[in-house]
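*Asks:* From the sequence below, what's the structure:
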Amino acid sequence: AQVSRSLPPEDFGGVICARKEGREAILLLFRNTGKGIHLRQEEKGMKKKSSRIVALVLTLCMVFFGLPVAAMAGNVAQIEGGKTYTTLNEAITEAQDGETVRLLTDTSLSSYIPIEKSIKLDINGNTITSNGLAFAVSDNATFPITDSSKSKDGEIKSTKAGNCNLLEVSSGEIIVENGNLSNEWYVIYVSQTGKATIKGGTLTSSDASVLSTNGSKSGENYSADAVMNVEGGNLVSNNDVTIYLPAGTLNITGGEIVGATAVYSKCGVTNISGNPVIKGEGEDKEFQHTDNGCYPTGDAMVVEACYYPNGNPEVYISGGTFTSKNGASVAYYQHDNNQAEELSITGGTFSSNVSDYVSSGYECKQDSQTQKWVVKEMAPGEMVVKPETSGSSASATLDGVYTDKNTTITTEGEGEDESGTVDNNT
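*Replies:* Below you'll find the predicted structure:
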């Protein structure tokens, strides 16, 4: 729009906003000339009766244009039910524990905003643009991010190219309830005792991970106590691993996670249950170990045992749908003969056979209609034990509770010395 003083007031089609200052009414008129929107400011003296008319105009502006009066006056944020502020930083600084700061219009950050107390941020359908880190949570603060607008298209984004996180938490918790978060690098970086919980919204990274902890063995970035929870939402990495766990704990119970590789567990504890959708959509690439980070392989989920550097990973999968376009649904890679502390699958649906990782008492069978592999508990009497082989002998331990006598254990093989039965009559 352009400000115009050349066109007479009668050529303007309506009022786009208005405000009252004492006995003066300041009206911002608009007209579409076909070559752009022209604006004109008019100041009108008012009698007592006309002041009521201006109040009505202000109300109509809020109804028809969806603009709060505070935003028209140049305010950027408001503490819910209270004062308005011209910058988001000022509103967050003034907010008290437990209060909500609501964004009134789009805004840009000149520097990141520290979150050192528990407040909620309502982006309210607006956009926060940073040229680097936007928010850093510490001091055990809780920082929920929500979007109360009907459109739910509010966004927090960074325009900085290269290695720069959008949000960081070193202690306390970031909770994403809805809205959109996007960055070229990590979207949320979790370290020390920090926690990130994703309940909804869309989180996108163009070149790195959406969620990640730090794999340092010690120091200020030590992340063995960090936690990442995914309960819902859409997490997308266009060209990399979407969720990377080099230390700490990862709990996935819902949501959709899509990436060149969706989940990469290199250390710490990973628990996947419920009904998450985990998709690997990248090219099928040969596994490559690195001492710093990870590479996508095209597999939906990767478990890498390399003692990096706080030990080997523990992975427990009891639910979810794992799909890879070009690789394995779950891939297990070992570097220098390291072994995962645990890789246990007791449930879920997979695009490839995961029988090698299924726990005793469970089976992986292919559905004849969907061609997917489904893991579920075996029926009583169908327990399978995978023996450990050493040289010419094999041994296995069958754990269970037997309520009846005359239990028969059958071993299968190709010759007389490789098959037989063991009767338990006690």
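
*Asks:* Can I take it that Asp299 is in a helix?
*Replies:* No. Checked against DSSP: H, G, I helix; E, B strand; the rest coil, Asp299 lies outside a helix; its state is coil.

*Asks:* Now do the same contact list for it.
*Replies:* Residues in contact with Asp299 (C-beta atoms under 8 Å, 6 or more residues apart in numbering) are 261, 280, 324, 327-331. From N, CA and C alone the C-beta is placed, and that goes for glycine too.

*Asks:* likewise Ser148?
*Replies:* By C-beta under 8 Å, 6+ apart, Ser148 lies in contact with 102, 122, 124-125.

*Asks:* Surely it forms part of a strand?
*Replies:* No. Judged by three-state DSSP, Ser148 forms no part of a strand; its state is coil.

*Asks:* Ile257: what's it in contact with?
*Replies:* Shown in contact with Ile257 (C-beta under 8 Å, 6+ apart): 230, 235, 242-243, 263, 276-279.

*Asks:* Make CSV from the residues you listed and add pLDDT, neighbour count and secondary structure to it.
*Replies:* Shown next, in CSV, are these (pLDDT from 0 to 100; neighbours: other C-beta atoms under 10 Å; DSSP: H, G, I helix; E, B strand; the rest coil):
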residue, pLDDT, neighbour count, secondary structure
Val230, 98, 29, strand
Leu235, 98, 31, strand
Thr242, 98, 31, strand
Ile243, 98, 26, strand
Val263, 98, 30, strand
Pro276, 98, 23, coil
Val277, 98, 17, strand
Ile278, 98, 30, strand
Lys279, 98, 22, strand
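
*Asks:* between these, which is closest to Glu342?
*Replies:* Closest to Glu342 out of these is Val263 (15.9 Å), distances taken as C-beta to C-beta.

*Asks:* Just give the nearest non-adjacent residue to that closest one, would you?
*Replies:* Sequence neighbours aside, Met301 is the residue nearest to Val263 in space, at 4.5 Å (criterion: C-beta to C-beta, 6 or more residues apart in numbering).

*Asks:* Quick check: that neighbour touching Gly320?
*Replies:* No. Met301 lies out of contact with Gly320 (C-beta atoms under 8 Å); the separation is 9.2 Å.

*Asks:* who touches both of these two?
*Replies:* Ile278.

*Asks:* Tell me where the stretch 1-150 of the chain has strands.
*Replies:* 2-3, 14-21, 24-32, 37-45, 77-79, 84-85, 100-103, 107-109, 113-115, 120-122, 127-130, 135-137, 142-146 (DSSP state E, counting those that start in this stretch).

*Asks:* same check, this time on the stretch 301-426 of the chain
*Replies:* 301-305, 314-317, 321-324, 330-334, 342-345, 348-350, 362-366, 373-377, 388-390, 393-395, 407-411, 420-424.

*Asks:* where among those strands is the average confidence lowest?
*Replies:* Out of the strands of the stretch 301-426 of the chain, strand 420-424 stands lowest, with a mean of 57 (criterion: mean pLDDT).

*Asks:* now the helices: where do they sit in the protein?
*Replies:* Secondary structure of the chain (DSSP state H): helices at 48-65, 69-72, 88-94.

*Asks:* Just the mean pLDDT for the second one, thanks.
*Replies:* Spelled out, it's helix 69-72. 50.

*Asks:* now do the first one
*Replies:* Predicted confidence along helix 48-65 averages 47 (mean pLDDT).

*Asks:* With distance to Gly348 and neighbour count as new columns, can the contacts of Asp299 be given to me in TSV?
*Replies:* TSV is the format used below for the contacts of Asp299 (distance: C-beta to C-beta, whole Å; neighbours: other C-beta atoms under 10 Å):
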residue	distance to Gly348	neighbour count
Thr261	17	31
Gly280	14	32
Ser324	13	25
Gly327	17	25
Ala328	14	21
Ser329	9	24
Val330	9	28
Ala331	15	22
